[in-house]
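Q: Provide a 3D model corresponding to the input given below.
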Amino acid sequence: MKLECFIRFVYALALLLSGCFQVPQEAGSPTLDSSFEEYRIYYLSSASIPGLLSPIYIQGAIGAESATSWAQIVAANDNQALDAVIIYSSAISQIEPAELTAMYDNGIVMVFFNVYSPIVDGLVDDSEIGSGDWMDGTAEPMDGDFYLMARHLTLCSNGQVFPPACPGYSQIASGYKSKAANSLNSEADFEIFRKVLLSYLENSTQP
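A: Numbers count the residues shown, from 1 in each chain. Okay, the predicted model is just below:
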């Protein structure tokens, strides 16, 4: 009798806990926005990353090619200039900062997942990214996953910006920069991220 009561108790407790602790659901299959098809985007990460930031999800959502080594990114850019490079935090140790800085200075959109500005500053040699404690992990701490996006262009005398030089016009400033950051914890967050990235790509030759 005591054993039967104990079994019922364990069963009831299991039902209660199952309602309190739900296993996180995998992100659904994204639909590729055809607007991304004209851009060359590479994502440096690992296959073990789950959910919205997994290589499979990123490829399905924005058409990014997956890379597991920095050499793959460099080779792809040497073959034909990339439009954007996305880097997951665990892949930071693979990067050669001088090569990443050159890409950034040439106008390639840089996206970092779960990397705060002090580290990004050093990777692309640009202390203005984290100016005013922006995205340094103290001024705007974020729970869960997030992105930091940055772009470096050249302001020209005709009022346009170009990566990296001014064709036929004089250079006014080489420090024209854009930056953005936000959470990436839901499909709604990801949709906002996708729109921001697309705007950076579409406006890469406009003020």
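Q: going forward, measure contacts and count neighbours with C-alpha atoms only.
A: Will do.
Q: Touching stretch 48-60 from outside, list them.
A: Under the criterion Cα atoms under 8 Å, 6 or more residues apart in numbering, residues 26-27, 29-32, 43, 45-47, 64-66, 184-187, 190 lie in contact with stretch 48-60.
Q: For the buried ones among those residues, write the corresponding ChimeraX selection.
A: Buried residues among the contacts of stretch 48-60 (16 or more other Cα atoms under 10 Å), as a ChimeraX selection:
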select :30,43,45,46,64,65,66,184,190
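Q: In strands only, show me the contacts of stretch 48-60.
A: 43, 65-66 (DSSP state E).
Q: Identify, from those residues, the entry nearest to Gln94.
A: Tyr43 (12.9 Å; Cα to Cα).
Q: shouldn't that closest one be in contact with Ser89?
A: No - when contacts are counted by Cα atoms under 8 Å, Tyr43 is not listed as touching Ser89 (11.4 Å).
Q: Please name the residues that touch Pro141.
A: Met135.
Q: Helix, strand or coil: sort out it for me.
A: Following DSSP: H, G, I helix; E, B strand; the rest coil, we place Pro141 in the coil state.
Q: For Ser183, see how far away it is.
A: According to Cα to Cα, to the nearest Å, Pro141 and Ser183 sit 10 Å apart.
Q: now Asn158
A: Distance of Asn158 to Ser183, given as Cα to Cα: 36 Å.
Q: Those two: which is more packed in?
A: More crowded of Asn158 and Ser183, by other Cα atoms under 10 Å: Ser183, with 19 against 12.
Q: Let me know how buried the closest residue to that one other than its chain neighbours is, in neighbour terms.
A: Excluding the flanking residues, the one nearest Ser183 by Cα to Cα, 6 or more residues apart in numbering is Phe146, at 4.1 Å. Phe146 has 20 neighbours, counted by other Cα under 10 Å.
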